[in-house]
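Engineer: show me how the following folds:
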Amino acid sequence: MGELVDKIKGNVNEALGKAKQQSDDPVTQADGADQEATGKGQQLKGKVKGMLGDDI
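Structural biologist: Next up is the predicted model:
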């Protein structure tokens, strides 16, 4: 179950990060890039959990 949760959180953070990067404000753009990277990390974590099991 944790695999699915991590993947969903990752997708949400990645989408929000991409949206923030469309802003004209450089601070918001940087925050969006960080949030997108966080989302990608969460998705990777979900994939690893899927391969190894949720017990990690």
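Engineer: report the outermost residue of the protein with respect to its centre.
Structural biologist: Largest separation from the mean C-alpha position in the chain: Asp24, at 22.0 Å (C-alpha atoms, centre = their mean).
Engineer: quick one, grab the pLDDT at that residue.
Structural biologist: Asp24 carries a pLDDT value of 96.
Engineer: which strands or helices does the helix or strand harbouring Gln42 pack on?
Structural biologist: Here Gln42 sits within helix 26-52, counting by DSSP states H and E. When contacts are defined as 3 or more C-beta pairs under 8 Å, 6 or more residues apart in numbering; DSSP states H and E, helix 26-52 sits against helix 2-20. To be clear about C-beta, it is placed using only N, CA and C from the backbone, and glycine gets the same treatment.
Engineer: so which residue is dead centre in this protein?
Structural biologist: Gly39 (0.8 Å).
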